[in-house]
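In: My questions are about this predicted structure, shown below with the sequence.
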Amino acid sequence: MAGGRADESGAESARTAFASALRAAITASGLSLDRIQARLRARGAAVSVTALSYWQSGKRQPERAGSLSAVRVLEEILDVPAGSLLGLLPPPRPRGATRRDRVGEEPLTFTRETLQPLLDRVGASNMLDRQQHLKLVGLHDRCEIAADGGQRAVTSRAIFQAATDGLDRWLLVYAQDDAAPVPQLHAVRNCRVGRSEVDSTHGILVAELLFDRPLDRGETHLIEYSLTNAGPPYPQCRSTHYREFRRPVREYLLEIRFAPEAEPTHCWHYTRGDSAPSRRPLRLDSAGGVHAVALDFGPGIFGIGWE
């Protein structure tokens, strides 16, 4: 028992040291948390402003591989020696979930405290803590960038497979950057919009997409929906679009289409997750777009950035 208390005390001291060093580095940089978050996203590291605030206050610490990778980028942004922040972190706390299962963990891009009230209001209070029986087999996102560089719309096609009888809905969680008004959700085919809730402060939409009928075990189902922003001007998306996968997906296709006036000079796709982060350049095609494909990916973040 005494040894256990000593371990906890040491971990607490390490967390305090990390928070103090991060807070001092942020103050010395003169950057706001919003600006820091924007620079992190531009480099493919998705961290919410709330998470940054929690890290510097000591309420939470980076533990997952994606968060630790973000700290490495944070060291560059804050112009502190490499490893000076990471070296202050204690070992990650043990978790009951495996690396391939995020049940019980908070999302990577915003805190559980932010998301949970919305889940409660749509009748999905325990979504983060239970095994999901609706498997996402394939997903195709097409993001359209308008002439002013803002995000005009995202159209998504998703294929699911039921692991048990009677499944009849999927819960969509969508986060809009810069706390802009959330886009309008439209059911395109094989589904309809059920209960939905919006957190305007954090730009988060949670909505049920109801299937035409309950599925039988082993049956697959294809749905299509779109998210359309008001404009122009359209919400600026910080030159990136990504998906967070809490569970593995067999195939994910991400496509970005640019208006001629908004074609970028450089594009790349990036990943963040349990494995080492990666980044690879992309070339515009003849239609003024780029795409990237992930196979057997997740948990983690897969996205495309540009400048």
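Out: Right, received. Where do you want to start? Numbering: from 1, shown residues only.
In: tell me which element residue 152 is part of?
Out: strand 151-162 (DSSP states H and E).
In: cool, residue 292 as well?
Out: strand 289-297.
In: got the contact list for the following helix or strand past that strand?
Out: Once the chain leaves strand 289-297, the next helix or strand it forms, by DSSP H and E, is strand 300-306. By CB atoms under 8 Å, 6 or more residues apart in numbering, the surrounding residues in contact with strand 300-306 are 42-44, 46, 66, 108-109, 239-245, 252, 254, 256, 264, 266-275, 282, 290, 292, 294. Backbone N, C-alpha and C define where each C-beta goes, glycine included.
In: quick revisit: and the strand holding residue 292, which strands flank it?
Out: Paired neighbours of strand 289-297 in the sheet (DSSP bridges): strand 249-258 (antiparallel).
In: hmm, back to that, give me the sheet partners of the very next helix or strand once past the strand holding residue 152 and which way each runs.
Out: The helix or strand immediately downstream of strand 151-162 is strand 167-175, counting by DSSP H and E. If you go by DSSP bridges, strand 167-175 pairs up with strand 204-215 (antiparallel).
In: can you state the direction angle for the following helix or strand past the partner strand and strand 167-175?
Out: Next helix or strand after strand 204-215 toward the C-terminus (DSSP H and E): strand 220-228. Strand 220-228 and strand 167-175 are oriented at 30 degrees to each other (axes from the mean of the first three to the mean of the last three CA atoms, to 10 degrees).
In: any residues touching strand 220-228, and which ones?
Out: Residues contacting strand 220-228 (CB under 8 Å, 6+ apart): 137, 152-162, 170, 172, 174, 183-191, 205, 209, 211, 215.
In: List only those of these flagged as buried.
Out: For these, a burial check counting by 16 or more other CB atoms under 10 Å picks out 152-162, 170, 172, 174, 183, 185, 187, 190-191, 205, 209, 211, 215.
In: Can you list which of the contacts of strand 300-306 are found in strands?
Out: Judged by DSSP state E, the subset of these located in strands is 240-245, 252, 254, 256, 267-273, 282, 290, 292, 294.
In: Since that was my last question, I'll sign off now.
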